[in-house]
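*Asks:* give the three-dimensional model of this entry:
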Amino acid sequence: MQAVRNMFRAAWTSAERLEGKTVVITGANTGIGKETAIDLAKRGAKVIMACRDMDRAQAAMKEVVESSGSQQVTCMRLDLADSKSIREFAEAINKGEPQLNILINNAGVMVCPYGKTADGFEMQIGVNHLGHFLLTHLLIDLIKRSAPARIITVSSMAHSFGSINLEDINSEKSYNKSGAYSQSKLANVLFNRLLAKKLEGTGVTTYSLHPGVIQTDLWRHLSGPQRFVMKMVSPFTKSPVQGAQTTIYCAVEPSLEKESGGYYSDCAPASCSAAAKDDDMAQKLWELSCQLLSITWE
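*Replies:* Model prediction:
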């Protein structure tokens, strides 16, 4: 049994320091986002926790400060389900921060009932992909000026079950909450892949990853057979600390400085689905995303 458990554990340690670096982590008030914030704060980075619920964010920030021993931790409001909030957050960062060395697109929603964002996007594609797409776009000039810099997008192995429906990206004709989640996670990997190509030569590198099956409150929307399955596999799941390791690895591992666009799991390169390597679809999704968000990003 222990051998089976070990298959799910990532063993990775590093003494790498991040003094003088500024990090933004979305969804940092809970789960792997909070654990990532603690780790990077311990390494000396200035950590900005970007969170929707400021009461929870303030409580989490206190925990991060206490656990890391760092006073260079702040929290700011960011609602990825509202482009107005995303633009206000990005404007504050661009005006208030001289640099942004690491952007971690971590926040997400999972298999939720059908709902729409403030801009009318299906909630999972809206938050998991379009929200982070817009945020990255608005911060990209600052990130480029801060090079060497990194952009990390937390995806999931669920991307391998997904497909991109360009004709019904918002699942208005039919909705399957697991299918919509997988579509959004596939979008994360495709975004990362094309973003890397667009950033070649800038000193900004990008990574997407599967953190593992984590014991987090993302499970709250699971029901029926899905919840039963998760209870069955729960002895083999990762804790948030363990689940954060691949994000931290992609953020700090020196050997990745010349790598970009790859997909990682358990602190190592991993295989993604054939659909996640479809450059034509990546380009079409990029163009659709720009159209939906009314932005131009060549």
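
*Asks:* other residues contacting stretch 85-103?
*Replies:* 18, 21-24, 40, 45, 48, 50, 76-80, 131, 134-136, 138-139, 141-143, 145-146, 148-152, 251 (CB atoms under 8 Å, 6 or more residues apart in numbering). (C-beta placed from N, C-alpha, C; glycine too.)

*Asks:* give the buried residues for it.
*Replies:* For stretch 85-103, a neighbour-count test (16 or more other CB atoms under 10 Å) marks 85-86, 89-90, 93, 97, 100-103 as buried.

*Asks:* of the contacts of stretch 85-103, just the buried ones, PyMOL syntax please.
*Replies:* Selection of buried members from the contacts of stretch 85-103 for PyMOL, criterion 16+ other CB under 10 Å:
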select buried, resi 18+21+22+23+24+40+45+48+50+76+78+79+80+131+134+135+136+138+139+142+143+146+149+150+151+152+251
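
*Asks:* tell me which of the contacts of stretch 85-103 fall in strands.
*Replies:* Mapping the contacts of stretch 85-103 onto strands (DSSP state E) picks out 22-24, 48, 50, 76-77, 149-152.

*Asks:* which residues does the nearest residue to Met54 once chain neighbours are set aside bridge with?
*Replies:* In space, and not counting its chain neighbours, Met54 is closest to Arg77: 5.4 Å by CB to CB, 6 or more residues apart in numbering. Applying DSSP bridges to Arg77 gives these bridge partners: Cys51.

*Asks:* distance check, Arg77 against Ser70.
*Replies:* 21 Å (CB to CB, to the nearest Å).

*Asks:* swap in Ala60?
*Replies:* Distance from Ala60 to Ser70, by CB to CB: 14 Å.

*Asks:* ok, now Lys258?
*Replies:* 29 Å.

*Asks:* helices or strands up against the longest helix along the chain?
*Replies:* The longest helix of the chain (DSSP state H) is helix 177-198. The contact analysis (3 or more CB pairs under 8 Å, 6 or more residues apart in numbering; DSSP states H and E) places helix 177-198 against helix 123-124, helix 132-145, strand 149-154, strand 204-210, helix 279-293.

*Asks:* of the ones you listed, which is nearest Ile169?
*Replies:* In terms of CB to CB, the element of the helices and strands packed on helix 177-198 nearest to Ile169 is helix 279-293, at 6.5 Å.

*Asks:* who's in contact with the closest one?
*Replies:* For helix 279-293, using CB under 8 Å, 6+ apart, the contacting residues are 83, 119, 121, 129-130, 133-134, 137, 164, 166, 169, 187, 190-191, 193-194, 275, 296-297.

*Asks:* cutoff 7 Å now
*Replies:* Contact with helix 279-293 is made by 83, 121, 130, 133-134, 164, 166, 169, 187, 190, 193-194, 296-297, as judged by CB atoms under 7 Å, 6 or more residues apart in numbering.

*Asks:* and that helix, which residues are buried?
*Replies:* Quick answer for helix 279-293 (16+ other CB under 10 Å): 281-282, 285-286, 289-290, 292-293.

*Asks:* which sections of this protein are below the confidence cut-off?
*Replies:* Scanning the chain for pLDDT under 70 picks out 1-11, 214-236, 238.

*Asks:* try it again at 50.
*Replies:* Residues of the chain meeting the criterion pLDDT under 50: 1-10, 218-222, 226-235.

*Asks:* switch the buried residues of stretch 85-103 over to a markdown table; also include secondary structure and distance to Gly33.
*Replies:* Listed next are these as a markdown table, based on DSSP: H, G, I helix; E, B strand; the rest coil; distance: CB to CB, whole Å:
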| residue | secondary structure | distance to Gly33 |
| --- | --- | --- |
| Ser85 | helix | 17 |
| Ile86 | helix | 17 |
| Phe89 | helix | 15 |
| Ala90 | helix | 18 |
| Ile93 | helix | 17 |
| Glu97 | coil | 19 |
| Leu100 | coil | 17 |
| Asn101 | coil | 17 |
| Ile102 | strand | 13 |
| Leu103 | strand | 13 |
